[in-house]
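Asker: Here's a sequence, model it:
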Amino acid sequence: MPDARPLTFLCITTYEKGQEFMRECKRQGCRVVLLTAEKLRNADWPRESLDNSFYLPEETPLKDIVQAVTHLARTHKIDRIVALDEYDMETAATLREHLRIPGMGLTTMRYFRDKLAMRMRALDRDVRVPDFVPAVNHDDIRYYLEHVPGPWVLKPRQEASAIGIKKIHTPEELWPLLEQLGDKQSSFLVEKFLPGEVYHVDSVVSENDIVFANVSKYGKPPMNVAQGGGIFTTFTVPRGSEEDAALRAINRELLAALGLLRGVAHAEFIHAHADGNFYFLECAARVGGAYINEMVEAATGINLWREWARIEIAGEDGGYTLPSVREEYAGVILSLARQEDPDTSAYNDPEVHLRIKRHHHAGLVLRSPDPDRIPKLFDDYAQRFARDFLAVEPPRDKPTA
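Answerer: Model prediction:
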């Protein structure tokens, strides 16, 4: 029934994030409803931008969430359902299909959530991936272990980042781990471990067209940081370089294969030492974590959360236009800190663009017109961060809010 009412967004997240997405929706005249966890009732939400908020107990079954939102829809005409965190994508897709609201459905969602599904889809479309096998048929696993040299990694199919990944050196190490998993082992895959340098491409997509992409390189692979501790860094790759051009091309093929119609994507690739090829690792239809959004904005002026909101508002009409892009360079350095509120004032180079304020974390976002300046600064800053702040905690099997 046509009318002139504003669009209503239902934003779902079980983690504290996406504030700028909600602010932009409100700036564009939309109504914004937040559905989040009860434990986050008092979190730093942009309450001035929210028309309503609803809080659910932890571990609420999906069928109960569907029932609750369906009840809400009796009095709120919902036009868009957006998962602001990767762990809420299935919930959002299920709700869209149940209420027949436009957006990513369950099949496409799995290409961005399930590491096995995304690998099989990428491989089917000729995007290079490390050799892998599902942890399902034991004869297949034995054949794989006999024909693909180790080491390997055992990966959960539906965790984010490096959470829950275990490195395996011999078949004798793998079988007891699968035995411990029991009926859960089919939720894992085994993949060849490829030493190399890890990159990420952060994209904005409107109607199947990548309208913006930014290529960056991790200083230390995220899996190494997650499992061994240390200093996290990432920085913009020189524009027009061989690696920049190669990754933009592969990323274009990948997102076309995975079927992202509109939104944002954070894709990771490894440049293997063994053969010099780029291999696809994983891709999420979300804004990258670890202050990657702030880094991208420092380098280009593009805030991924804000542009995602504008694309969702434009919807199938395709009326989205990317703002002008600045072509500078930026980077993030971040570590766990021994101090509750670490003091980074001694890091006073003019390239310091933003000081990250988060309990027990030390972090900076740097910005420069020179592509070589930030990696050089990070060589020095990483050593100083290790001395001044660094704390290490055991690897996590589950994410924290």
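Asker: Show the subsequent helix or strand relative to the helix or strand where Met22 lies.
Answerer: Using DSSP states H and E, Met22 maps to helix 19-27. Per DSSP H and E, the first helix or strand lying C-terminal to helix 19-27 is strand 31-37.
Asker: Just give me how far the very next helix or strand once past that next one sits from the chain centre.
Answerer: Counting by DSSP H and E, the next helix or strand C-terminal to strand 31-37 is strand 52-56. In terms of Cα atoms, centre = their mean, to the nearest Å, the centre of strand 52-56 is set 24 Å apart from its chain centre.
Asker: Renumber starting at 499 from here on
Answerer: Fine by me, first position is 499 from now on; the one you just mentioned is strand 550-554.
Asker: Strand 550-554 pairs with which strands, and in what direction?
Answerer: strand 529-535 (parallel) (DSSP bridges).
Asker: Show the low-confidence segments of the stretch 599-748 of the chain, by residue range.
Answerer: 658-660, 724-726 (pLDDT under 70).
Asker: which residues in it form helices?
Answerer: 604-611, 613-622, 636-645, 669-679, 720-726, 740-756 (DSSP state H, counting those that start in this stretch).
Asker: mind listing what's buried in the third one?
Answerer: To tie it back to what came earlier, the one meant is helix 636-645. Buried residues in helix 636-645, defined by neighbour count with 16 or more other Cβ atoms under 10 Å: Ile639, Tyr642, Leu643. Yep, even glycine has a C-beta here, placed from its N, CA and C like the rest.
Asker: now that helix: how far from the chain's centre is it?
Answerer: Between the centre of helix 636-645 and the centre of its chain there are 31 Å (Cα atoms, centre = their mean).
Asker: how big is the angle separating that helix from helix 669-679?
Answerer: For helix 636-645 against helix 669-679, the angle by axes from the mean of the first three to the mean of the last three Cα atoms, to 10 degrees is 150 degrees.
Asker: before we move on, what about the last one?
Answerer: Helix 740-756 and helix 669-679 are oriented at 40 degrees to each other (the same axes, to 10 degrees).
Asker: what's downstream of helix 740-756, the next helix or strand?
Answerer: strand 761-770.
Asker: okay, the helices of the stretch 599-748 of the chain in a markdown table with distance to Gly817 next?
Answerer: As requested, the helices of the stretch 599-748 of the chain are arranged in a markdown table below (distance: least, Cβ to Cβ, whole Å):
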| stretch | distance to Gly817 |
| --- | --- |
| helix 604-611 | 22 |
| helix 613-622 | 29 |
| helix 636-645 | 48 |
| helix 669-679 | 48 |
| helix 720-726 | 36 |
| helix 740-756 | 21 |
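Asker: on that earlier part again, then the helix holding Met520 to CSV, C-alphas only?
Answerer: What follows is helix 517-525 as a C-alpha-only set of coordinates in CSV (Å, rounded to 0.1, in the frame of the first residue of the first chain):
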residue,chain,number,x,y,z
GLN,A,517,26.2,3.1,16.1
GLU,A,518,27.1,5.1,13.0
PHE,A,519,24.8,3.0,10.9
MET,A,520,21.9,3.9,13.1
ARG,A,521,22.8,7.5,13.2
GLU,A,522,22.9,7.7,9.4
CYS,A,523,19.6,6.0,9.1
LYS,A,524,18.1,8.7,11.4
ARG,A,525,19.9,11.5,9.6
